[in-house]
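> sequence and computational prediction follow.
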Amino acid sequence: MDINWHFRRQALAEQFLDAFDRGSASSYTLFAPRRMGKTEFARQDLIPMAQERGYVTVYVNFWDRLDSPDGCFLLGLKDASTQLSAAKRLSNWFQTINKLGIKTPYGGIDIGTQTAESENLNLDLITGGLDEILGIGKPVLLILDEVQHLATRPEFEPLVFALRGLFDHHRQQLKVVYTGSSRNGLNTLFKRKNAALFSSSQQIDLPELGSPFLEHLSHAFFQATQRHLRLAECQTAFRQLKKIPYDYQQVIDILMRQGGTDIESVTQCYIQEQGFSDEHADIWQSLKPVDRAVLRRIAEDTINGLYTQSSMNYISEQLGLDAIERPTVQNALNRLKNRNIVASTGYGQYDFEDPHFKDWLLQMADNE
Ligand SMILES: Nc1ncnc2c1ncn2[C@@H]1O[C@H](COP(=O)(O)OP(=O)(O)OP(=O)(O)O)[C@@H](O)[C@H]1O
Ligand SMILES: [Mg+2]
């Protein structure tokens, strides 16, 4: 019996594709922290539904090869060719791509680390491949997974620039979904003056999973083991794991191997073994006192702005000072942003990039 562990997020996939079909949007940006299920949503919900609706889909993950976004892109285009007719696959473009001495851990294209010399050739290949696919006349859905990686090095800029041109040009036929796991990274890419890739892209936060997801996994677990899990215990475990499906699935896997139904104790062991706390303590130790005070404030209050009088009072009190200057807080904030500890979530508002770290800090404050 085939057990289906995947919990479908159909409504979200429909929301994207309905807007694309209506023509009311040509791109979306999907944000969620690490391991929340972006890739799984893209590959198992969005792509199949888009194909059913007649789209050709191209999936690119910029974390496949960190040194070469071009290589990632070419890999994605090459994979997409299986959706094309045999005649199309014989075109010059695909023949060229197939000749490129292709090797990666996945058996894909190896164009090595990106250099200025290789850049023009690669961009031509990427544009050519997309043109080839667009030439069929069907709508095309392009998914750029972990797109914030493009903002991490200056040598990736030409690709961003080329993509922007292409997307503007083919807005009717080409729909783009960006995903990202760092708000800072996405903001950086978003705000680029010369290549603002996301200028018109609406950002959507991947919704948190809840009880229907837990029930779905409990059902799959039952099919695999004939053992029943209690929903209330699953909910507690999921909460303790910060609602991260990756960690929850790991716990379920351990429980399958280990036997029994005591999900709470397996979760406790898992959290300890992962050493989440040690990692966080190390970061905390490395911070300046003012950075810590700012971080505490952000952990306790993401609603009111950081520069409100009550926030400034809180921060100065933490430091045992009568008052604190705004630039001092600004500098602390910049240090925290540069280390990807916090990110801007709106005007004057900030939140943690890692929900585990936030929780650790709040618990520590409770124990003081
Ligand atoms: N809809 C789902 N149904 C069942 N399990 C899921 C679902 N979404 C995520 N998971 C579990 O969580 C794991 C992590 O998901 P995924 O790799 O999609 O996260 P991600 O947001 O892309 O993470 P990263 O930022 O690290 O790439 C999956 O391997 C799977 O075990
Ligand atoms: Mg992913």
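Yep, that arrived. Ligands and ions are numbered 1, 2, ... in the order given.
> please count neighbours and contacts with C-alpha atoms only from this point.
Will do.
> look at the one residue in the stretch 101-250 of the chain that gets nearest to ligand 1 and report its pLDDT.
The shortest separation between the stretch 101-250 of the chain and ligand 1 is 3.4 Å, found at residue 246 (distances taken as C-alpha to the nearest ligand atom). Residue-level confidence at residue 246 comes out at 96, pLDDT.
> tell me which parts of the stretch 1-150 of the chain are close to ligand 1?
5, 6, 7, 8, 34, 35, 36, 37, 38, 39, 40 (C-alpha under 6 Å from any ligand atom).
> from residue 215, how far off is the first one?
I take that to be residue 5. 11 Å (C-alpha to C-alpha, to the nearest Å).
> how is this protein partitioned into domains?
Listed by automatic domain parsing, the domain ranges of the chain are 10-205, 211-274, 279-367.
> worst mean pLDDT among the ones you listed?
Averaged per stretch, pLDDT over the domains of the chain is lowest on domain 10-205, reaching a mean of 84.
> so which elements touch the helix or strand residue 220 falls within?
With the criterion set as DSSP states H and E, the secondary-structure element containing residue 220 is helix 211-225. Helices and strands touching helix 211-225, as assessed by 3 or more C-alpha pairs under 8 Å, 6 or more residues apart in numbering; DSSP states H and E, comprise helix 231-240, helix 245-258.
> can you lay out those helices as CSV showing mean neighbour count?
Converted to CSV, the helices and strands packed on helix 211-225 look like this (neighbours: other C-alpha atoms under 10 Å):
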stretch, mean neighbour count
helix 231-240, 17
helix 245-258, 16
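> mind checking the SS state of the residue in the chain sticking out farthest from the centre?
Taking C-alpha atoms, centre = their mean as the measure, the residue most remote from the mean C-alpha position of the chain is residue 322, 41.2 Å away. Secondary structure state of residue 322, per DSSP: H, G, I helix; E, B strand; the rest coil, is coil.
> what about the closest residue to it other than its chain neighbours, how many residues close to it?
Nearest non-adjacent residue to residue 322, counting by C-alpha to C-alpha, 6 or more residues apart in numbering: residue 316, 6.3 Å away. By the measure other C-alpha atoms under 10 Å, the count of residues near residue 316 is 18.
> now the phi/psi pair for residue 228, please.
Main-chain dihedrals, residue 228, degrees, to the nearest 10: phi -100, psi 130.
> pretty sure it is touching residue 261, no?
Yes. At 6.9 Å, residue 228 counts as touching residue 261 under the criterion of C-alpha atoms under 8 Å.
> who has more neighbours, the two?
Here residue 228 and residue 261 are set side by side on neighbour count (other C-alpha under 10 Å), and the busier one is residue 261, at 16 against 13.
> would you say the more buried one is within a helix?
No. Residue 261 sits outside any helix when classified using three-state DSSP, being coil.
> my guess is it contacts residue 255, does it?
Yes. Residue 261 is within contact range of residue 255, at 7.0 Å (criterion: C-alpha under 8 Å).
> count of neighbours near residue 274?
Using other C-alpha under 10 Å as the criterion, the residues surrounding residue 274 number 11.
> also residue 164?
Burial measure for residue 164: 17 neighbouring residues, criterion other C-alpha under 10 Å.
> is it in a helix, a strand, or coil?
At residue 164 the chain is in helix, as set by three-state DSSP.
> same deal with the one 4 residues further on?
For residue 168, the secondary structure call by three-state DSSP comes out as helix.
> next: the one 4 residues further on.
When classified by three-state DSSP, residue 172 comes out as coil.
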